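Trainee: Here's my sequence, what's the structure:
(2 chains, ligands or ions: 3)
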Amino acid sequence: MPKDRALALRVNGRTVEVEIPPHRTLLEALRDTGFVDVKRGCEKGDCGACAVLIDGVAVDACLTLAWTVEGRDIVTAAGLGTHENMHPLQKTFVEKGAIQCGYCTPGLIVAAQSLISMTPNPSEEDIRVGLSGNLCRCTGYAKVFEAVREAAAEVRNQRSRR
Amino acid sequence: MYATFDLDRPGDLAGALALLKAKGAVALAGGTNLIVDVRAGRENPRRVVSLDKLDSLRGIRQAGGKVAIGGRTTVTDLLRSPIIAKTAPALVESARQFAGQMVRNTATVAGNIACGSPAADLVPPLFALDAELTLASPRGQRTVPIASYFTGYKKDVRRPGELITRISWKAPPPRSRALFYKLARRKGDAITVVGVAVALDIERGICRRARIALGAVAPTVFRAREAEAMLEGQTLTPALIESAAKAAAAAARPIDDVRASAAYRRHGVHVLVRRLLGQAWEQLS
Ligand SMILES: Cc1cc2nc3c(=O)[nH]c(=O)nc-3n(C[C@H](O)[C@H](O)[C@H](O)COP(=O)(O)OP(=O)(O)OC[C@H]3O[C@@H](n4cnc5c(N)ncnc54)[C@H](O)[C@@H]3O)c2cc1C
Ligand code: FES
Ligand code: FES
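Mentor: Ligands and ions are numbered 1, 2, ... in the order given. Modelled structure (predicted):
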């Protein structure tokens, strides 16, 4: 029987210790340690609710073994900003009404962040392709696309101001 | 409950190959097939050998007329590469329609080939490129054309413990076109119902090389060789394209499943081969 091991994961800038056997996923490790903004949906890569950033790139935490991301930089949707200093995506999702039940929201924000970091000025098609791994049962996506477009513009502005 | 297994993260290829010699050991790349299969109880590995530290297996290079990519190159890597955009436009098209972003960010090219699915989207464009696979084991490496890699449904010539380390192809000549079409229930994140890749090389108005690779309509991805032979050495006309499309549809051995009927799939091959050949020829003329 494979042994548990104490892993040190770096999540949202702090180090989190978790005892976990090798076949367990990052999704399980994160939810067990209180990062419940990472949602458990299908657990097979279909819904995107569990998306997190690993070194800035969005992946499904449910398909990632926890042991394989030791030493990498893990960021969840909540880790992108604070209440006082919200990330543009967090702000525009609220402002545009891109949230209804909110279950898909953390995953969508993570996927959108990964998209705009690779494609700072995404076309409508880029947004569709970038978010095609995130299912939302409520919003119909139109408000989500608006929020992503606006946040991308905001991020570009912040960059050019700097 | 899920299967438990031991997990290793070797730091180099030799280490990975040594670990993969153990009975019941399997390689883990992106995990987008393997983890799903383990959780569904379809796979029961005793030992999982993660390739996540093998950065040497990830990358895209062009040297002279040859393009080589490492087995651990991801679908997203393909989409971000100017070399792939230039030498393998059909592969770009299939990568764009592949799964959703998170899966594309981790899913690897070798994993897509090794899973052996007839619906694996990167495989038809690689057939149309006449790609070669490099297989490595502790005893050395060998090269196999992708067209002779698959032997049956989820069956291939890969020996236990062998890894696909490299996928390579000759950069196509200037007068050539390659196209891919994925027919599925929706545009994003859907399993292919019919996948068609075509490639044409043309010299002085004559088709020198024709490739028609079909996905999801037989136990493996395969080339419609009879249809290809009808085109090579010829000037393409609508009538010739129609005959080749008919021959390709006749070569398909589709099944009925939840996504589509066999008859629909066969019809899809006919229409799509005709359409893509027509488009490729027109763009070249
Ligand atoms: C939600 C979802 C959507 C998907 N959509 C698509 C789609 O649109 N099109 C499509 O084609 N596929 C799709 N897939 C399937 C899957 O993502 C791909 O087949 C992917 O390329 C597998 O690669 P991987 O690196 O994740 O492989 P893994 O899951 O890590 O491995 C798969 C198999 O390949 C073996 N393997 C891995 N690397 C090597 C190597 N270097 N040498 C030898 N064997 C190796 C493993 O041992 C295992 O048996 C989807 C999967 C999910 C979960
Ligand atoms: S829970 Fe991970 S993709 Fe659905
Ligand atoms: S807001 Fe309810 S699933 Fe998206």
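Trainee: I'd assumed residue B:61 was in contact with residue B:73.
Mentor: No: using Cβ atoms under 8 Å, residue B:73 makes no contact with residue B:61, being 10.3 Å away. Placement of C-beta: from N, CA and C, glycine included.
Trainee: For these two, indicate the residue with more neighbours.
Mentor: Legend: neighbour count by other Cβ atoms under 10 Å in any protein chain shown for residue B:73 and residue B:61, higher for residue B:73 (22 against 13).
Trainee: In chain A, which helix is the longest?
Mentor: helix A:142-161 (DSSP state H).
Trainee: so what does it touch, helix or strand wise?
Mentor: On a contact count with 3 or more Cβ pairs under 8 Å, 6 or more residues apart in numbering or on different chains; DSSP states H and E, helix A:142-161 meets helix A:88-95, helix A:105-118, helix A:124-130.
Trainee: right, is that helix up against ligand 3?
Mentor: No: on the criterion Cβ under 6 Å from any ligand atom, helix A:142-161 is out of touch with ligand 3, staying 7.9 Å away.
Trainee: Restrict that helix to CA atoms and write it as CSV.
Mentor: The C-alpha coordinates for helix A:142-161 follow below in CSV (Å, rounded to 0.1, in the frame of the first residue of the first chain):
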residue,chain,number,x,y,z
ALA,A,142,-22.6,36.2,-23.0
LYS,A,143,-21.9,38.2,-19.8
VAL,A,144,-18.9,36.0,-19.1
PHE,A,145,-17.4,36.9,-22.5
GLU,A,146,-18.1,40.6,-21.9
ALA,A,147,-16.4,40.4,-18.5
VAL,A,148,-13.3,38.8,-20.0
ARG,A,149,-13.1,41.3,-22.8
GLU,A,150,-13.3,44.2,-20.4
ALA,A,151,-10.8,42.7,-17.9
ALA,A,152,-8.4,42.1,-20.7
ALA,A,153,-8.6,45.7,-21.7
GLU,A,154,-8.1,46.8,-18.1
VAL,A,155,-5.0,44.6,-17.8
ARG,A,156,-3.6,46.1,-21.0
ASN,A,157,-4.3,49.6,-19.6
GLN,A,158,-2.5,48.8,-16.3
ARG,A,159,0.5,47.5,-18.3
SER,A,160,0.7,50.6,-20.5
ARG,A,161,0.4,52.9,-17.5
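Trainee: Provide the secondary structure category for the closest residue to ligand 3 within the stretch 101-250 of chain B.
Mentor: Nearest residue of the stretch 101-250 of chain B to ligand 3: residue B:189, at 15.2 Å (Cβ to the nearest ligand atom). On the three-state scheme (DSSP: H, G, I helix; E, B strand; the rest coil), residue B:189 is labelled coil.
Trainee: And the residue of chain A closest to chain B?
Mentor: residue A:133 (1.7 Å; Cβ to the nearest Cβ).
Trainee: That residue should be in a helix, yeah?
Mentor: No: per three-state DSSP, residue A:133 lies outside any helix segment and is coil.
Trainee: tally of neighbours for the nearest residue to it once chain neighbours are set aside?
Mentor: Using Cβ to Cβ, 6 or more residues apart in numbering or on different chains and skipping the chain neighbours, the partner closest in space to residue A:133 is residue B:100 (1.7 Å). The tally of other residues near residue B:100 (other Cβ under 10 Å) stands at 25.
Trainee: and if you look at the one 10 residues further on?
Mentor: For residue B:110, the number of neighbouring residues by other Cβ under 10 Å comes to 26.
Trainee: What residues does the closest residue in space to it that isn't next to it in sequence make contact with?
Mentor: Nearest residue to residue B:110, sequence neighbours excluded (Cβ to Cβ, 6+ apart): residue B:71, at 3.2 Å. For residue B:71, the contacting residues are B:29, B:51, B:57, B:108, B:109, B:110, B:163, B:164, B:165, B:166, B:167, by Cβ atoms under 8 Å, 6 or more residues apart in numbering or on different chains.
Trainee: and the fourth one, what does it touch?
Mentor: Contacts for residue B:108 were tallied using Cβ under 8 Å, 6+ apart; they are B:29, B:30, B:71, B:72, B:73, B:74, B:75.
Trainee: For chain A, state which of the residues you listed is nearest.
Mentor: Of the contacts of residue B:108, the one sitting nearest to chain A (Cβ to the nearest Cβ) turns out to be residue B:30, at 7.6 Å.
Trainee: For the closest residue to ligand 1 within the stretch 51-200 of chain B, what is the enclosing helix or strand?
Mentor: Residue nearest to ligand 1 within the stretch 51-200 of chain B (Cβ to the nearest ligand atom): residue B:111, separated by 2.2 Å. In this assignment (DSSP states H and E), residue B:111 forms part of helix B:109-114.
Trainee: what does the helix or strand following that helix rub up against?
Mentor: Later in the chain than helix B:109-114, the nearest helix or strand by DSSP H and E is helix B:123-128. Residues outside helix B:123-128 that contact it (Cβ under 8 Å, 6+ apart) are B:88, B:90-91, B:93-94, B:112-113, B:146-147, B:167, B:169, B:178, B:180, B:195-199, B:211-215, B:221-223.
Trainee: Quick one: mean pLDDT for whichever helix or strand comes after helix B:123-128?
Mentor: Using DSSP H and E, the helix or strand that follows helix B:123-128 in sequence is strand B:132-137. The average pLDDT within strand B:132-137 is 98.
Trainee: How about strand B:132-137 and ligand 1, touching?
Mentor: No: using Cβ under 6 Å from any ligand atom, strand B:132-137 never reaches ligand 1; the gap is at least 7.8 Å.
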